[in-house]
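Enquirer: This is the structure alone, sequence omitted:
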Ligand SMILES: Nc1nc(=O)c2c([nH]1)NC[C@@H]1CN(c3ccc(C(=O)N[C@@H](CCC(=O)O)C(=O)O)cc3)C=[N+]21
């Protein structure tokens, strides 16, 4: 069975629309040498911004030096409410140094160390949007208390922040984070009530790796020919509840991103 993520996005959009009636939020999105996943996201952002009355500008840049200049500029610019930087940055870039240039109060992806620190205290106003989208989908779909959640992937965008968010006392899931060096992955995923897959390989999670009736969150955005597919084998849908790709985590992520920009604009900086 597929989980209906579009209706979740829609209910978030309703709040955003109410906020954009009163203010004119502006988001800037910056990317250096964007990969296919980033291009897909930038397109979705552009469409969504337009439909929600959020002003949006995209900057595709040649190198990290120009990115750094732009981040300083937009951090000071009072007409800009949200700053999004696409990841991954080019090889060799100092992510911490780049993220530190984003004004924490405009840091819609929660990359600045101030916001990552806030996350450790359970403050999720600036949590990475994809992780926030997964929490939104899970809390609207199931009870998390005491559940076994296996996250496959440990990125700063998804796996790592999500693990912290699911451990928060009001959720209290038991979280296992798996990665490329994990041994016997299938043994872990077969124990899970909930599996979150964010690895970037089409069809990575096979039906024999999950329990009957598990809840599976597919975070993958893989461009195969002219189609976008997730990290989960489509056969998994026959035995589990699964978020679709496209139309799953991605649409909720984009909704949360825009909602955040609107909240920043309407509350003068505080989320
Ligand atoms: N700092 C950072 N944060 C991110 O969250 C991040 C990133 N960098 N870099 C790139 C990846 C990719 N990503 C997507 C999110 C939504 C869609 C999305 O909404 N896709 C639509 C349309 C897909 C289509 O059909 O083209 C859907 O899934 O329905 C796609 C891709 C976020 N990422």
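Expert: On my side now, so go ahead. Model, not experiment: these values are computed from the prediction.

Enquirer: The helix or strand bottoming out on mean pLDDT in the chain close to the ligand?
Expert: Among the helical and strand segments of the chain, the one scoring lowest on mean pLDDT, DSSP states H and E is strand 222-224, with a mean of 93. No: shown here: strand 222-224 not in contact with the ligand (C-beta under 6 Å from any ligand atom), separated by at least 8.1 Å. (Each C-beta comes from the backbone N, C-alpha and C, glycine too.)

Enquirer: May I see the buried residues of the very next helix or strand once past that strand?
Expert: Next helix or strand after strand 222-224 toward the C-terminus (DSSP states H and E): strand 227-229. Across strand 227-229, burial judged by 16 or more other C-beta atoms under 10 Å covers 228-229.

Enquirer: returning to that earlier point: packing partners for the least confident helix or strand of the chain?
Expert: helix 36-52 (3 or more C-beta pairs under 8 Å, 6 or more residues apart in numbering; DSSP states H and E).

Enquirer: Now tell me what touches the least confident helix or strand of the chain from outside.
Expert: 36-37, 40, 200-202, 228-231 (C-beta atoms under 8 Å, 6 or more residues apart in numbering).

Enquirer: Pull out the buried members of these.
Expert: By 16+ other C-beta under 10 Å, those give 37, 40, 202, 228-231 as buried.

Enquirer: tell me how far the least confident helix or strand of the chain is from the chain's mean position?
Expert: Its chain's average C-alpha position is 18 Å from that of strand 222-224, according to C-alpha atoms, centre = their mean, to the nearest Å.

Enquirer: That strand: which residues count as buried?
Expert: Neighbour-count burial for strand 222-224 [16+ other C-beta under 10 Å]: residue 222.

Enquirer: Tell me the residues of the stretch 51-200 of the chain that contact the ligand?
Expert: 85-87, 109, 129-130, 157.

Enquirer: Only whichever of those residues are buried, select them in ChimeraX.
Expert: Buried subset of those, written as a ChimeraX selection, criterion 16+ other C-beta under 10 Å:
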select :85,86,87,109,129,130,157
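
Enquirer: want to try CSV for the residues of the stretch 51-200 of the chain next to the ligand, with secondary structure as columns?
Expert: Listed next are these as CSV, based on DSSP: H, G, I helix; E, B strand; the rest coil:
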residue, secondary structure
85, strand
86, coil
87, coil
109, coil
129, helix
130, helix
157, coil
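
Enquirer: and the residues of the stretch 51-200 of the chain next to the ligand, which two are the farthest apart?
Expert: Greatest spacing in these, by C-beta to C-beta: 85 and 130 (13.7 Å).

Enquirer: In contact with the residue nearest the centre of the chain, which residues?
Expert: Compute the mean C-alpha point of the chain, and by C-alpha atoms, centre = their mean the closest residue is residue 130, 1.1 Å away. Residues in contact with residue 130 (C-beta under 8 Å, 6+ apart) are 157-158, 198, 219, 249, 253.

Enquirer: now, which of those sits nearest residue 21?
Expert: residue 253 (23.3 Å).

Enquirer: Phi first, then psi, for the closest one.
Expert: With angles defined as degrees, to the nearest 10, residue 253 sits at phi -60, psi -50.

Enquirer: Can you get me a residue count around it?
Expert: By other C-beta atoms under 10 Å, 29 other residues sit near residue 253.

Enquirer: Setting aside sequence neighbours, what's the nearest residue to it?
Expert: residue 133 (4.2 Å; C-beta to C-beta, 6 or more residues apart in numbering).

Enquirer: That neighbour and residue 164, how far apart?
Expert: Distance of residue 133 to residue 164, given as C-beta to C-beta, to the nearest Å: 15 Å.

Enquirer: Residue 97 now?
Expert: Residue 97 is 22 Å from residue 164, by C-beta to C-beta.

Enquirer: which SS state does the nearest residue in space to residue 46 that is not next to it in sequence fall under?
Expert: Nearest non-adjacent residue to residue 46, counting by C-beta to C-beta, 6+ apart: residue 56, 6.1 Å away. Residue 56 falls in the strand class when you classify it by three-state DSSP.
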